[in-house]
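K.L.:
Please work out how this folds:
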Amino acid sequence: RAGEAGEGSDMRKLRIFFPPLLLLSFKLQAAPQHIDAPSLASSTRAASKLLLADALSDGMVLQSSPSSASLWGVVSAPPPSFQVFIDGHLHPHALLHLHEHDGRFGWRVRLDPHDPGGPHKIEVVAGEHRASLRDVLFGDVFLCSGQSNMQMTMVDMPPEEIRGSSWDFPGIRILTTDPFPSSTKSAPEYYKLPLLHAWRPVNADSVFGPSCGSTGWRSCHFSSVCLFFGIRFHNITGNPVGLIAAATAGTPIEYFMPREELERCNKSAVQGHHPMNVFHPHGFGPLQGDGVFFANAIAPLSYMSVKAFLWYQGESNANDPGGYRCLFAGLIHGWRRAFSTESVNIPFLAVSLAADVNFAGLLPEIREAQKTAQTIENVYLVPAYDLGDVESPLGPIHPRRKKEVGVRLAQVADAVFHQTAASSSPFEVGSITISVWNSSAIRSMKVFSGARYYSQWVLGEQPRDAVIWLVNVSTRSDDGRIFSLDAPSCWDCCGDSGVFQLFGKYADDLDSASQGYLSDFVFTTLAEGQGWFAAASSMPADWQTYEIRYAWEDYPQCIIYREVDKFPLNPFRFRIARAAKKENFDAESLSHFDSTSLHVVSWNSAIREPQSLHRISE
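P.N.:
Model prediction:
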């Protein structure tokens, strides 16, 4: 840790597991780091009476303009004044607070905005006492958190992801919190932060070399998703980037939440939570207080100005998607309230869960719960359901394709912060139109478009008593061409299953206890255009549809992509709204169709009403 140089080796034992592997134990030696003012971790040996918080050390990155960065720590007695110098020049700042804390006085100063760049030397002067930070950059700071998919390190990546790449990025600095500190806190202490590594630059030695420890790459313990994101974002902007990893495998979302949000979701007394799909769940969690990782790792960082939050979690809450809706929204609101001093809704970029075959149909529900958070301002969901990895040594839920996840997050961040082309933003359905035709009507229809058109299917012979479902999904015209593609390692691929699925019942099964089931009707692609995609399926007239679904599976098999950046369309399901019955028409029962008449029924929905389709014509 910072400030422990010359005090001998501080050997600690760290326990980390990546389900479904067995629990691993190994030793880690922190790299020595020089800092004039000792961190709180070494305060018992410090002669200085002015201490910087553990999150502040040489080689760090502070948030640049237009935001204001903060410095904080403790001092033995109230000084007559606080001053901050950058490269020897007095820098404008404001003292936000000075209050007593455990016999010392906690302090926090907010700097006036500073342009990106560096390196700089920063000195804090409190009366007769000084503390300094060397090699400080101003740039963009991101906090990366969640469970195992965010915690997975470079050692878990396939060789092709790292071979032949340059890892010399002096403008990117990384900080890693300790997920298993020797003691836990029930309330935040804003000055003490358990660390695995103080701030260090990204280079081959710091990521892969001997300085990572004798046990190999895993002891570097920095998030691969966070690192790949930071590299891409740094390459886009050219500005310094600071990355903070605060992720822990096998943890439910409750562990990361402040008390008030846990209470709002009726989760304030959770302890010993046994998350799904984890062999060795942690035996401690929130208990009449803040979540343990919020208290240990998030709250102590909350004085730091950050550009955005990156979040990859949900596997350990997959058995309660209904509860996750409240918890995820509560986490976002709680973190923003903790970090923001300017009433700013800090952007929150989340990753929807990857594909797996071991979740008993729960993953679509938890992905939908994640998606509902997009109704909150400045919240963005990046899909990863198409990055399945059935051969991952850590299990399919832990795909090794983390570079693609990081790049997608960076593309969305670029669109959010720099108002770049809409094609870099999340790929969502804008509207969906379903037309149900009898076979005579479909044979008389002609479709003209600049995209591929499968006329043989449309004009071919369909059973005269069949009902034809035409589905047209629209996104945005500036999304460019969209197309379907088989998922990696698919076993029920596009040619076998099609893109869309219908959920419902046959007419003679209406009295059964079943709520419905997926049909085996195959949707054939008709056309792929600029911001739209059309497919059709033929089915018996006695089939009644309740929902139309896309990628509504634990392991989706057929994916719709945006061609310009191969961004997958976020999964959806739409319910067919029940219309009032007329004398001769039931909106959901099409068995009365006369095969000789031109009969069409259509439903439509816009993105603002994503749960149901409303009949627009007959």
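
K.L.:
show me the contacts for P568.
P.N.:
When contacts are counted by CB atoms under 8 Å, 6 or more residues apart in numbering, P568 touches P383, Y385, D386, F427, A551, I559, I560, Y561, R562. Bear in mind the C-beta positions are built from the backbone N, C-alpha and C, glycine included.

K.L.:
mind running it again at 6 Å?
P.N.:
P568 makes contacts with P383, D386, I559, Y561, as judged by CB atoms under 6 Å, 6 or more residues apart in numbering.

K.L.:
quick one: what helix or strand has the last one in it?
P.N.:
In other words, Y561. Here Y561 is covered by strand 558-562, with elements defined by DSSP states H and E.

K.L.:
and Y380, how far is that from V125?
P.N.:
As defined by CB to CB, to the nearest Å, Y380 lies at a distance of 41 Å from V125.

K.L.:
Kindly report the same for R476.
P.N.:
Counting by CB to CB, the gap from R476 to V125 is 54 Å.

K.L.:
which regions of the stretch 101-250 of the chain lie under the pLDDT threshold?
P.N.:
Within the stretch 101-250 of the chain, the ranges that satisfy pLDDT under 70 run 163-164, 179-189, 208-221.

K.L.:
same thing but at 80, please
P.N.:
101-102, 154-166, 179-190, 204-221 (pLDDT under 80).

K.L.:
and the gap between A131 and Q374?
P.N.:
42 Å.

K.L.:
higher neighbour count, these two?
P.N.:
Legend: neighbour count by other CB atoms under 10 Å for A131 and Q374, higher for A131 (23 against 17).

K.L.:
who does that one bridge with?
P.N.:
On the basis of DSSP bridges, A131 is bridged to V124.

K.L.:
Do I have it right that it meets K49?
P.N.:
No - with contact defined as CB atoms under 6 Å, A131 does not count as touching K49 (9.8 Å).

K.L.:
Would you map the helices across the stretch 501-618 of the chain?
P.N.:
Counting by DSSP state H, counting those that start in this stretch, the stretch 501-618 of the chain forms no helices at all.

K.L.:
for it, which spans come out with low pLDDT?
P.N.:
507, 510-515, 527, 541, 575-618.

K.L.:
buried stuff in the top helix by length along the chain?
P.N.:
Using DSSP state H, we find that the single longest helix of the chain is helix 321-339. For helix 321-339, burial by neighbour count (16 or more other CB atoms under 10 Å) applies to 321, 323-336, 338-339.

K.L.:
for it, packing partners?
P.N.:
helix 259-264, helix 363-371 (3 or more CB pairs under 6 Å, 6 or more residues apart in numbering; DSSP states H and E).

K.L.:
so how far is that helix off the chain centroid?
P.N.:
Mean-position distance between helix 321-339 and its chain equals 13 Å (CA atoms, centre = their mean, to the nearest Å).

K.L.:
for the record, mean pLDDT for that helix?
P.N.:
In this model, helix 321-339 has a mean pLDDT of 94.

K.L.:
Between its first and last residues, how far does stretch 52-70 reach?
P.N.:
11 Å (CA to CA, to the nearest Å).

K.L.:
rewinding a little: could the helices and strands packed on helix 321-339 go into CSV alongside mean neighbour count and distance to V241?
P.N.:
Shown next, in CSV, are the helices and strands packed on helix 321-339 (neighbours: other CB atoms under 10 Å; distance: least, CB to CB, whole Å):
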stretch, mean neighbour count, distance to V241
helix 259-264, 20, 29
helix 363-371, 23, 25
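
K.L.:
on that earlier part again, moving C-terminal of the longest helix of the chain, what's the next helix or strand?
P.N.:
Next element after helix 321-339 (DSSP H and E): strand 348-351.

K.L.:
gap between that next one and the chain center?
P.N.:
Using CA atoms, centre = their mean, the mean C-alpha position of strand 348-351 is found 3 Å from that of the whole chain.

K.L.:
Shouldn't A299 be within a helix?
P.N.:
Yes - read with DSSP: H, G, I helix; E, B strand; the rest coil, A299 is one of the residues of a helix.

K.L.:
Check what pLDDT it gets.
P.N.:
On the pLDDT scale, A299 gets 91.

K.L.:
What is the burial count for it?
P.N.:
For A299, using other CB under 10 Å, the count is 23.

K.L.:
just checking, V136 touches H120?
P.N.:
Yes - in terms of CB under 6 Å, V136 counts as a neighbour of H120; the distance is 4.8 Å.

K.L.:
more crowded one of those two?
P.N.:
Using other CB under 10 Å, the more surrounded residue of V136 and H120 is V136, with 25 against 17.

K.L.:
Dump the helix or strand that contains that one to PDB, restricted to CA.
P.N.:
Per DSSP H and E, V136 falls inside strand 129-146. Extracted as PDB, the C-alpha positions of strand 129-146 are listed here (Å, rounded to 0.1, in the frame of the first residue of the first chain):
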ATOM      1  CA  HIS A 129       1.700  20.400   7.800                       C
ATOM      2  CA  ARG A 130       2.100  19.400   4.200                       C
ATOM      3  CA  ALA A 131       1.100  16.400   2.100                       C
ATOM      4  CA  SER A 132       2.000  15.900  -1.500                       C
ATOM      5  CA  LEU A 133       1.100  13.700  -4.500                       C
ATOM      6  CA  ARG A 134       3.500  13.200  -7.400                       C
ATOM      7  CA  ASP A 135       2.900  12.200 -11.000                       C
ATOM      8  CA  VAL A 136      -0.800  13.100 -10.900                       C
ATOM      9  CA  LEU A 137      -2.800  13.300 -14.100                       C
ATOM     10  CA  PHE A 138      -6.100  15.000 -14.700                       C
ATOM     11  CA  GLY A 139      -8.400  13.100 -17.000                       C
ATOM     12  CA  ASP A 140     -11.500  10.900 -16.800                       C
ATOM     13  CA  VAL A 141     -12.100   8.600 -13.800                       C
ATOM     14  CA  PHE A 142     -14.400   5.600 -13.900                       C
ATOM     15  CA  LEU A 143     -15.500   3.300 -11.100                       C
ATOM     16  CA  CYS A 144     -16.000  -0.400 -12.300                       C
ATOM     17  CA  SER A 145     -18.000  -2.600  -9.900                       C
ATOM     18  CA  GLY A 146     -20.100  -5.700  -9.700                       C
END
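
K.L.:
what angle separates it from helix 321-339?
P.N.:
Using axes from the mean of the first three to the mean of the last three CA atoms, to 10 degrees, the direction of strand 129-146 lies 160 degrees away from that of helix 321-339.

K.L.:
next SSE after strand 129-146?
P.N.:
helix 148-151.

K.L.:
what sits against L518?
P.N.:
For L518, the contacting residues are Q501, F503, by CB under 6 Å, 6+ apart.

K.L.:
let's go with 10 Å and repeat that
P.N.:
S497, Q501, L502, F503, G504, E547, R549, W552, E553 (CB atoms under 10 Å, 6 or more residues apart in numbering).

K.L.:
Helices of the stretch 301-450 of the chain, residue ranges please.
P.N.:
321-339, 363-371, 402-418, 439-444.
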